[in-house]
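# Here's a sequence, model it:
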Amino acid sequence: MEINVGALVEDGDSSVKADNAEGDDLISGLPEELLCSILSLLTARDATRVRVLSTRWRYLCASPSGLHLDLYTVFGIDPTYEYWYKHQANLWKDKFRFINAVNQLLHIYRSKKVNSFRLSYSLGNESSVHIDRWISFPTQIEKLELNFSFIPRGSQCYNFPCHLLFRDEGSKLKHLCLHYCVFRPLPDLKNHLSSLKTLDLNHAPLDQSDFDNLGSGCINLEWLRIHKCSLPQTLNIGGQYVCLKWLGFNLSNGARMIRLSYLKLTSFEYIGEVTYLSIFGIPSLEKVHLNFLHAFEIGSNYMFEGLAKDVPQLQILSLVLDPVQILPIPAKMTKFEHVKELVLQCQLSTIFDLLSVSSMLEACPCLEKFHLGLQSSSWDGEKVEMRYPNNKRYYQLKEVEISGFREESNSIDFAIHLLESAVVLERMIVNSQRRSYYGGGGEWHYFKFLMIEETERKLLQRLLSLFKDKINPDVQLIVK
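The predicted structure follows:
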């Protein structure tokens, strides 16, 4: 593959080198702090090329503390997913060009302090000699991200060298994110991992001993995400994580049982194939998000019964309900006595009646805020009759928002039910355009649903005409 950019400039490249013998230009006469700020706005590649234009610029260090090396900053190529996928084999063969370019950049880059270092390319453990040297370059690094996606099948993933970055207790590394790396913290490093505050592991093989060593070594770890990693069949995470506040599992596989006990968690999320969850002795846990893929009996029973028993102090609950993959919402369920905010993402289908959601609202007697995100489903089956409302009242519910609103699954009947049954309702938003979904890691994604203008106009008129006789004058109704 031929990469259509010029090679990185070396000191002796006279084609771009400017001669300042006759006098300095106006830019070179600027204060050093301002020149460093200008360099900070360029990519690492362009900043390197600019340095050779003037002897004054050559040894300036860019003021930003971040050094990011990837296809764009090194070669000027926009590294979209499509580009990676199409040129995967060629990028692997051409990796030595990238390695040489990075070696040159790090040789020239003389920043006094680098807080953040990000490296992204198709590299494996065969390049460990170079990678080890690169990540050891910034001695005061606080944030490190390595992304080695799209390595060919059969290639060995890079073995992250904990012994290099945590060789003494003076390590400054606080945030670590690894993609397609092997991360094996050893027990003898337990006194040297204390600087880590957040750890994001992606596509990594992990076993129970890895989690045990992490817990005993990362005594100040506050945030841990396990994304698309392979896990042991039974995973126990306990009190050795003395500072852990946020824990998430996102599309990881292999675990049939996950036990969490005696932690100081405040937030937990699980997105992935259904597994047995056990949460015990975590009174600080206030926020939970669950998205069981293929939930069926195990996942449904835990969402509607087990979770409220495991986490009775829960205050914010977020669930994804796909009627094709869960059992019908029961008319009666274990109460979430302290839940004040409920977020539901539901797939609309002929086999699902939104009115059945009323039993979840009834199970949250302290509920104040309710957000319902709706998405149309391409799967339909035999219509199921579930309609549960019967003189239900919600005495604390003040705010309701329904996004992605459609005339499906008795959506209008459910909206009218909320208007009639929420005794102290202050505001209700019904949005037919915006849709939202939770992608994990605290990130919500929003997008606009494009509807035929005439169809949308008729829907809004119908909603307004139906709601006007049902709404309390004190309620702020927003339909859009």
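# Using the three-state scheme, assign Ser194.
Classification of Ser194 using DSSP: H, G, I helix; E, B strand; the rest coil returns coil.
# ok, how many other residues are close to it?
Taking other C-beta atoms under 10 Å as the criterion, the count of residues near Ser194 is 16. (C-beta placed from N, C-alpha, C; glycine too.)
# thought it was touching Asn220?
Yes - counting by C-beta atoms under 8 Å, Ser194 touches Asn220, with 5.3 Å between them.
# Low-confidence regions, the stretch 351-480 of the chain specifically.
377-389, 408-409, 433-436, 446-460, 464, 466, 468-470 (pLDDT under 70).
# which one is Ile298 nearest to, not counting chain neighbours?
Of all residues not flanking Ile298 in the chain, Val274 sits nearest, at 5.1 Å (C-beta to C-beta, 6 or more residues apart in numbering).
# unless I'm mixing things up, the one you found is touching Ser300, no?
No - Val274 lies out of contact with Ser300 (C-beta under 8 Å); the separation is 9.1 Å.
# all strands for the stretch 301-450 of the chain, in order.
316-321, 341-348, 369-376, 399-403, 427-431, 434-440, 443-448 (DSSP state E, counting those that start in this stretch).
# Could you figure out how far the fifth one is turned away from strand 399-403?
Strand 427-431 runs at 0 degrees relative to strand 399-403, counting by axes from the mean of the first three to the mean of the last three C-alpha atoms, to 10 degrees.
# sorry, back to before: just send the strands of the stretch 301-450 of the chain back as JSON lines, with distance to Val129 and mean neighbour count too.
What follows is the strands of the stretch 301-450 of the chain, written out as JSON lines (distance: least, C-beta to C-beta, whole Å; neighbours: other C-beta atoms under 10 Å):
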{"stretch": "strand 316-321", "distance to Val129": "44", "mean neighbour count": "21"}
{"stretch": "strand 341-348", "distance to Val129": "46", "mean neighbour count": "20"}
{"stretch": "strand 369-376", "distance to Val129": "48", "mean neighbour count": "20"}
{"stretch": "strand 399-403", "distance to Val129": "51", "mean neighbour count": "20"}
{"stretch": "strand 427-431", "distance to Val129": "54", "mean neighbour count": "19"}
{"stretch": "strand 434-440", "distance to Val129": "34", "mean neighbour count": "16"}
{"stretch": "strand 443-448", "distance to Val129": "35", "mean neighbour count": "9"}
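# Ile237 against Met257, yeah?
No - when contacts are counted by C-beta under 8 Å, Ile237 is not listed as touching Met257 (11.6 Å).
# neighbour-wise, which of the two wins?
Ile237 (22 against 13).
# Can you tell me, leaving aside adjacent residues, what's nearest to the more buried one?
Leu260 (5.4 Å).
# Pull the residues that contact the one helix or strand that neighbour maps to.
Assessed by DSSP states H and E, Leu260 sits inside strand 257-261. When contacts are defined by C-beta atoms under 8 Å, 6 or more residues apart in numbering, strand 257-261 is touched by residues 233-239, 247, 249, 268, 270, 275-282.
# Quick one: mark the members of these that sit in helices.
Among the contacts of strand 257-261, DSSP state H puts none in helices.
# Would you reformat the strands of the stretch 301-450 of the chain as TSV and include distance to Leu144?
Compiled in TSV, the strands of the stretch 301-450 of the chain are given as follows (distance: least, C-beta to C-beta, whole Å):
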stretch	distance to Leu144
strand 316-321	30
strand 341-348	33
strand 369-376	35
strand 399-403	37
strand 427-431	40
strand 434-440	21
strand 443-448	20
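# And these: which comes nearest Leu106?
strand 443-448 (31.3 Å; C-beta to C-beta).
# What is the subsequent helix or strand relative to the host helix or strand of Leu176?
With secondary structure defined by DSSP H and E, Leu176 is part of strand 175-179. Using DSSP H and E, the helix or strand that follows strand 175-179 in sequence is strand 181-182.
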